[in-house]
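K.L.:
Structure of the sequence below:
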Amino acid sequence: MTKASRIHLWRHVMDHGQTTVVGQPIRELSAVVLRHFLEWIGIRGGVHAPRSHGVHDQHTNSNHRLTRRIEMLEAEIAYRQLLLEEVIHRTKNALQLAVVTLGEHIDEAGDAWTRHDLRSVQKQMRALSRTHNRFYGPVNGDGQSLNLRLSEICLSIFDSFGERSGRIALSLAIAEIRLQRHQEISVSVILQELLTNALKHAFPDRREGTITINFDVDDDSICHLVVQDDGVGRHLSNQASTGLALVKSFASGLQGCCLEVFAHHGTTMRVSFPLAAR
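P.N.:
Below is the predicted model of the structure:
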């Protein structure tokens, strides 16, 4: 049968309805095909077809396994959260205990140099404690801008140096970069140690100057923290200090981190690390 003949026959069937001898079997065949199609997709008579017992049981078992898996994951998350809270609490207590113990040793120290060194370590422990409370305290930094959080750290350190910080200007340029929590904590500790080091050593004999802090990210998604001063200049890489040891320790926690020191017309320290995908 040619295409024209098939078209002519179909029009003839549609025009004459069920009275046509050929149209009746075509309509019945169409109804059978439609019924089987609806049953195949799970619909019969406009409503969902009842599942067989085997399919229903299989579906119920799958739901039960999925529910059980979700409950196990929720229990694991709750357990890990409990462990994290315990670690945070113990860390806070340990830092506070270290500050108090150092204070007792300062009072008992016989010579001025020992007291000076102990006070230096105590100040660093207080700074670590403040950073810990800032990120893990009852009111943490969630929702605040990175610029605001790092600026607060810098101003807090400046205030702790009293009269000395009054002779030194501070310039801040901090970009709004979305860091992961561990990256932000490491950057905060590194920043406070580098700034503390500059305030302590860059401007002796009541010298005046400027400390410049920049934090940004380049086109290759590499973050750069730069702490620069125009002080006397010093080769920090050759110093064996607690502060520098902390800087190296936290820098090693930033995957792919690079720590550079330049001593020319002052001192510049640059910490570079890749911006992790969130």
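
K.L.:
where does this structure dip in pLDDT?
P.N.:
Flagging of the chain using pLDDT under 70 yields the residue ranges 1-59, 135, 137-144, 234-243, 277-278.

K.L.:
mind listing the helices for this structure?
P.N.:
With helices called from DSSP state H, the chain shows them at 3-16, 23-40, 53-108, 112-136, 146-160, 181-201, 242-252.

K.L.:
now, of these, which is deepest in the fold?
P.N.:
helix 181-201 (a mean of 21; mean count of other Cβ atoms under 10 Å). (Each C-beta comes from the backbone N, C-alpha and C, glycine too.)

K.L.:
For that one, enumerate the helices and strands it packs against.
P.N.:
helix 112-136, helix 146-160, strand 209-217, strand 222-229, helix 242-252, strand 267-274 (3 or more Cβ pairs under 8 Å, 6 or more residues apart in numbering; DSSP states H and E).

K.L.:
So for Arg207, which of the helices of the chain sits nearest?
P.N.:
Nearest of these to Arg207, taken as Cβ to Cβ: helix 181-201 at 10.9 Å.

K.L.:
between that closest one and strand 222-229, how many degrees?
P.N.:
Put simply, helix 181-201 runs at 20 degrees to strand 222-229, going by axes from the mean of the first three to the mean of the last three Cα atoms, to 10 degrees.

K.L.:
Make TSV out of the helices and strands packed on helix 181-201 and add distance to Leu82.
P.N.:
Output for those, formatted as TSV (distance: least, Cβ to Cβ, whole Å):
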stretch	distance to Leu82
helix 112-136	15
helix 146-160	27
strand 209-217	34
strand 222-229	33
helix 242-252	26
strand 267-274	31
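
K.L.:
Which among these is found nearest to Ile185?
P.N.:
helix 112-136 (5.8 Å).

K.L.:
Tell me what angle that closest one forms with helix 146-160.
P.N.:
Between helix 112-136 and helix 146-160, the angle comes out at 160 degrees (the same axes, to 10 degrees).

K.L.:
can you offset everything so residue one is 15?
P.N.:
Noted, 15 is the first residue going forward, which turns the last one into helix 126-150.

K.L.:
how much does helix 126-150 deviate in direction from helix 67-122?
P.N.:
Using the same axes, to 10 degrees: helix 126-150 against helix 67-122 is 160 degrees.

K.L.:
tell me what helix 126-150 is packed against?
P.N.:
Counting by 3+ Cβ pairs under 8 Å, 6+ apart, helix 126-150 packs on helix 67-122, helix 160-174, helix 195-215, helix 256-266.
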